[in-house]
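Chemist: Sharing a model that was predicted from the sequence below.
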Amino acid sequence: MGVRQRRRLCVDRVVSDLSLGNYDQALVRINEALANIKDHGEILALLELKNIIVRLRLKGDAQKTIGPTRQSDALPHVFTPDMLDVVQKVLRCHTHYEVLRVSHHATYSEVKRAYHKLALRLHPDKNQAPGAEQAFRRISEAADCLTDCQKRIEYNLGTSLSDCQSQDRSEYDDYLSGSACEEDEEQDEPKTGHRRPYQAANQRKPQSQSLYQTEQLVIGVVAALVFLFVIIHYIAAAPVYSFTPTRTHSLHRATQANRIAYYISPKNLAKFTDQQLIKLEREIEQVYISDLKLKCKHERSLRDTLLLRARQTNNQRLLEQAVQMPTPACQMVYELGKTVQGSLLLENPSLRDQPQQKSTTK
């Protein structure tokens, strides 16, 4: 390897250390190179690069521009410490989840949202810090893997064991140092040892069952047991009353307190005493009002969503439709609350103000 090639390799390594945030290592490389060269132009180029690294270590204004280098093409573009900080955080990550800053249970939309957020800051048109292109490819690779179900399962299986064995090793370090010769790496870093070469996620052999799949299996089993319990409960205990007429519930009645209509079987009615019938009608009123409140909550949520969307899009027609949207369940709860002393089961004060809120919204 010629002298110029070695010097070019030294500059490339300094830029790689800079993109990873290894400022101390970069300064050591520059000092070693300055001790072995005599060319005035190359000395100025290294001193210029050293001055930039020292400025970055001071952590001054995050928006202050740095570069480009005038004595060499090491840093050909202008960038800010804030741009470089985003690049360093991505390139120092170990896994795809750390790169996108999402959990192992993140959904498809959460992964996409995290990718777009980082892509806006790392796109080559907006970020020209050293290592920005590698960081952009890194988040693209992570998003491509985590949004594909099969690739994600293979990645989880392939990394479950290797992550435990080497938690402090970055998968992307080998890519950044790929331009360096193995001979020079052994001379400069004799204590680092041999690094495991990067292997694509879809080529790794599954090592063990991943935690993600185990938790999904447990959730599925629990959901199946709950569903089975609910089915058995409804089969074993047929309802005594109904709010709609059926073949078994044919006798029409109304509760004495709130005149809520319900249907009951004549045979079952004959079995009830007066006290049991009063207790049953209380239960019917509670169930009926609870169901009304739930429907009212859904109506209000839908109306609020339409109002928010109309205001965000400045859609006057949609705003009028949302304001005039009928809420029959809320109106029934309100009317029922007026007729019952103490407002039976109306814990939510906003339900009592339903008509006033409608007029205020208009």
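Modeler: Done, it's in.
Chemist: how near is the nearest residue to G67 once chain neighbours are set aside to R13?
Modeler: Once flanking residues are discounted, G67 sits nearest to L75: 4.4 Å by Cβ to Cβ, 6 or more residues apart in numbering. Bear in mind the C-beta positions are built from the backbone N, C-alpha and C, glycine included. Note on L75: its distance to R13, by Cβ to Cβ, to the nearest Å, is 14 Å.
Chemist: For the nearest residue to T65 once chain neighbours are set aside, list the residues it contacts.
Modeler: Among residues not flanking T65 along the chain, V78 sits closest, at 5.1 Å (Cβ to Cβ, 6+ apart). Counting by Cβ atoms under 8 Å, 6 or more residues apart in numbering, V78 touches 65-68, 128.
Chemist: Buried ones among the residues you listed?
Modeler: Those of these that meet the buried threshold are 66-67, 128, by 16 or more other Cβ atoms under 10 Å.
Chemist: Pull up the distance across stretch 75-84, start to finish.
Modeler: Counting by Cα to Cα, to the nearest Å, you get 12 Å between the two ends of stretch 75-84.
Chemist: so for that stretch, what's the average pLDDT?
Modeler: Mean pLDDT, stretch 75-84: 83.
Chemist: try stretch 20-27
Modeler: Averaged over stretch 20-27, pLDDT sits at 83.
Chemist: Identify, among the helices and strands of this protein, the element with the weakest mean pLDDT.
Modeler: One helix or strand of the chain scores below all others by mean pLDDT, DSSP states H and E: helix 182-188, with a mean of 42.
Chemist: For the residue lying farthest from the centre of the chain, pull up the helix or strand it's in.
Modeler: Note on the chain: the largest C-alpha distance from the chain mean falls to A270, namely 58.1 Å (Cα atoms, centre = their mean). Element membership for A270, per DSSP states H and E: helix 266-271.
Chemist: still on that earlier bit, okay if I get the buried ones among the contacts of V78 as a markdown table plus pLDDT, secondary structure and distance to S301?
Modeler: Below are the buried ones among the contacts of V78 laid out as a markdown table (pLDDT from 0 to 100; DSSP: H, G, I helix; E, B strand; the rest coil; distance: Cβ to Cβ, whole Å):
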| residue | pLDDT | secondary structure | distance to S301 |
| --- | --- | --- | --- |
| I66 | 79 | strand | 50 |
| G67 | 73 | coil | 52 |
| Q128 | 85 | coil | 46 |
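Chemist: got any ranges where the stretch 1-150 of the chain has weak pLDDT?
Modeler: Residue ranges of the stretch 1-150 of the chain with pLDDT under 70: 1-7, 60-63, 71.
Chemist: how does it look with 80?
Modeler: Applying pLDDT under 80 to the stretch 1-150 of the chain flags the ranges 1-11, 18, 34, 36-43, 45-46, 49, 57-76.
Chemist: could the buried ones among the contacts of V78 go into JSON lines alongside distance to A310?
Modeler: Conversion of those to JSON lines gives the following (distance: Cβ to Cβ, whole Å):
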{"residue": "I66", "distance to A310": "46"}
{"residue": "G67", "distance to A310": "47"}
{"residue": "Q128", "distance to A310": "41"}
